[in-house]
Each structure stands twice: as structure tokens, then as C-alpha cells.
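Novice: here are the coordinates; sequence isn't available:
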Ligand SMILES: Nc1nc2c(ncn2[C@@H]2O[C@H](COP(=O)(O)OP(=O)(O)OP(=O)(O)O)[C@@H](O)[C@H]2O)c(=O)[nH]1
Ligand SMILES: [Mg+2]
């Protein structure tokens, strides 16, 4: 969570957690926790409080009032990161649409807090009509964005059809965020996609052509990182992008083997793939960052089981590859596996 906050550019001064049977509908957290947060303010001087879950518009408003600070929930935080990172037109449209849909039920008129005081004065009139105008504008923008996204989608479908007609095979890289997808994409394609040690440095699928040693060409696609508790509205926003995955002939699922939650991250990705009905897609699980655990490529080649992973996996296995994307270890073998699984003529490899 604090990693997410830092990625969004926040300076984290403190963290609190609370175990509740169910969150309070009014404040999400309990009264005691609220007092604790208020008193923390004197030490930390924070101006923003981020909640690691989705808040209802009402909870968010109540919290802002009682804490006298900006309150952001997990969805808004991830949307903010997405907004900063979206690079293609489609990605930008999708993020803006999600942001407007998020905003709509959260719009509050200047006077609406008086409603609870029971007074009719001030709760109608200019405040209310301004709010209606704002809502109408947002709805209009939402419609417009939906249309634009539909246009982009139509183009994409045409483009995909053409790709299919030419018969080029498509390999898509998926994986938990920060697993090393873009690094592998770069190593494989030598394309200049941004690589950063921050979450979600890639938002849009980027596709490059890759010529194999045998002369065959495949398309390789880098995708957005999956993350635990990705809010449903965000998955919905990126459905169009993620639908590209349905067109792929093979998925490379990259796993950062050195991460302490590697197995869990694997399950999160599998869960999202299954939500997108992609569980049965041809797949290679690619364990990455082995340079952090081994000292050279020869050691990597000598392995007979996947190191560190909680679940025992014997090697060799045609659906498993071990690599270091930064060092380029295991690339020939990975390419061979891709070629074998896709049923393209075997590449002549030196290793
Ligand atoms: N040591 C080591 N670090 C790696 C390796 N591959 C990637 N990294 C580092 O891991 C970080 C994330 O790499 P990216 O390639 O941006 O990860 P990603 O999966 O594309 O991340 P998102 O697009 O944000 O989901 C960067 O700091 C990389 O340098 C590797 O093989 N070894
Ligand atoms: Mg990336």
C-alpha cells in the first residue's frame, strides 16, 4: 500500500490499521481510530489520508469532514497512478472515463452539508442547480468518452483482423506489477518502452515485431501490471485493453521469483486471467530476476527445480522458463519454448 502511495507521489508519514468485523457505513473505521487519526495530525501534520479499500461516497465525505483532510481511497489512488502513466490515446480515454464515473456519485454541492441540519434554506437554489449542471456536464463527458473509446476499439478490431489475415502470431506478456514485463519486452524486442521501479509504469499494451533466428516474425505485446485488489471499476475500464489478450496466441506470465509473495502474486494474476476467461490460453510461466539469487547463467541452467517458490516445480518443463530479464539470461531457451509451443519451425540456437 505505501508503495502504491509513493508511486502516486505521496510522502508517507504514518500508517494505521484496524481489524473490524465489518466496516462502519458512516466512517469506514471506528470512532476510536478516528480520534487516533485526529491526534496524529498534531505530530505528523498530514494533509491527506489514504484508505486501502474502496470507500462509499458517504464515508469519504464524512471522513473529510471529521478529519479536515483530503480523503482518498484505493480506487482513486490507482486511478491517479493510471492517469499519470497512460500513454496511448485509448489508455488516456479509459482512465478519464473511469475517473468521471468515479466522480459522478461523489459530487457534492457547496451547500449540501446543510441538508443534514434539516434546513430547506440553502439546500435548493443556486447550490443545487449548480450541482445539477455539473452532473449533466459530467454525464455528457462520459457519453463522449464512451463514444471515442468505441471508435478506437473499432479501429483496433480492424487492425486485429488484418493481423489475423496476415497470420502473424501474437505473444502477450502478463504479470503482477513490477515483475519485469517491460524489461523482458525490451530485452526481447530492444524497443524503448519505459522501465521504472514504480508500480504501473506501463498502462497500455505496446506491441513490437520480433524476428526470430529462423526468420519468422511474431508480435510481442507488453501489458499493464495486475495487482491485488484491483478495484472492479478499474478492471472494467481496462477491459478493452485487456481484451487484446484474448487475441494472443500465447501468454508469457512473468513472475518476480525473488518477491516474498511470489506465489500469491501468481494466484492474483491467475484470478484476473480467469475473470477475463483466459485461463485456458497457451501459457509459459517465466520466473524472472534470477540474477538476484544466482551468480551466472550456468547456475541457472543447472537448476532442477524452481528455486524459492513455495510450490515444488521440477525442471525442465516446457511451460516454465527461468530468466533474468536485465542480464538476458535464459533468453534463448525462452525463445525456443515460445517457438515450440506456437508450433513454428524450431530456431537454431547455440545453447
Ligand atoms: N535484478 C533484476 N531486476 C529486474 C529484472 N527484471 C526487471 N527488474 C527490475 O524490476 C523493476 C520493474 O521492472 P519493469 O520491467 O518495469 O516491471 P513491469 O512488470 O513492466 O512493471 P509494471 O509495468 O509497472 O507492471 C525495474 O526496476 C527493473 O529494473 C531482473 O531480471 N533482475
Ligand atoms: Mg511495465
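Specialist: That came in fine, so what should we check first? It should be emphasised that the depicted structure is a prediction, and the values quoted were computed from it without experimental measurement. Ligands and ions are numbered 1, 2, ... in the order given.
Novice: Skipping adjacent residues, who's closest to whatever residue of the chain ends up closest to ligand 1 in space?
Specialist: Ranking the residues of the chain by distance to ligand 1 (Cβ to the nearest ligand atom) places residue 225 first, at 2.2 Å. Where you see a C-beta, it was placed from the backbone N, CA and C, and this is true even at glycine. Taking Cβ to Cβ, 6 or more residues apart in numbering, and ignoring the residues beside it in sequence, residue 225 has residue 177 as its nearest neighbour in space, at 2.8 Å.
Novice: Give me the pLDDT for that neighbour.
Specialist: The predicted local distance difference test score for residue 177 is 87.
Novice: wait, isn't it in contact with residue 227?
Specialist: Yes - using Cβ atoms under 8 Å as the test, residue 177 is close enough to residue 227 to be in contact (5.0 Å).
Novice: Of the two, give the one with the bigger neighbour count.
Specialist: Taking other Cβ atoms under 10 Å, residue 177 and residue 227 do not tie; residue 177 has more neighbours (24 against 21).
Novice: after whichever helix in the chain runs longest, next one along is what?
Specialist: In terms of residue count, the longest helix belonging to the chain (DSSP state H) is helix 126-166. For helix 126-166, the following helix or strand on the C-terminal side (DSSP states H and E) is strand 169-175.
Novice: That following strand and ligand 2, any residue contact?
Specialist: No - between strand 169-175 and ligand 2, judged by Cβ under 5 Å from the ion, nothing touches; the nearest distance is 8.5 Å.
Novice: strands paired with that strand, and their directions?
Specialist: Partners of strand 169-175 in the sheet, by DSSP bridges, are strand 217-222 (parallel), strand 250-256 (parallel).
Novice: Just the mean pLDDT for stretch 294-313, thanks.
Specialist: 91.
Novice: Pull up the distance across it, start to finish.
Specialist: With Cα to Cα, to the nearest Å as the measure, the first residue of stretch 294-313 is 18 Å from its last.
Novice: For it, buried residues please.
Specialist: Under the neighbour-count criterion of 16 or more other Cβ atoms under 10 Å, stretch 294-313 has 294, 297, 300, 306-307, 309 buried.
Novice: quick one: contacts of that stretch?
Specialist: The contact list for stretch 294-313 (Cβ atoms under 8 Å, 6 or more residues apart in numbering) reads 257-258, 262-263, 287, 290, 293, 314-315, 320, 322-324, 327, 329-330, 351.
Novice: Among those, name the buried ones.
Specialist: Judged by neighbour count, with 16+ other Cβ under 10 Å as the criterion, the buried members of those are 257, 262, 287, 290, 293, 320, 322-324, 327, 329-330.
Novice: mind putting those in CSV, distance to ligand 1 and secondary structure included?
Specialist: Rendered in CSV, the data for the buried ones among the contacts of stretch 294-313 read as follows (distance: Cβ to the nearest ligand atom, whole Å; DSSP: H, G, I helix; E, B strand; the rest coil):
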residue, distance to ligand 1, secondary structure
257, 9, coil
262, 13, helix
287, 10, strand
290, 7, helix
293, 9, coil
320, 16, strand
322, 10, strand
323, 7, coil
324, 4, strand
327, 6, coil
329, 8, strand
330, 9, coil
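Novice: I'd like the residues you listed written out as TSV, with distance to ligand 2 added.
Specialist: Putting the buried ones among the contacts of stretch 294-313 into TSV (distance: Cβ to the ion, whole Å) gives the following:
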residue	distance to ligand 2
257	17
262	17
287	17
290	19
293	22
320	22
322	20
323	16
324	16
327	18
329	19
330	19
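Novice: can the lowest-mean-pLDDT helix or strand in the chain be found next to ligand 1?
Specialist: Taking mean pLDDT, DSSP states H and E as the measure, the helix or strand of the chain with the lowest value is helix 232-237, at a mean of 74. No - for a cut-off given as Cβ under 6 Å from any ligand atom, helix 232-237 has no contacts with ligand 1; the smallest distance is 13.6 Å.
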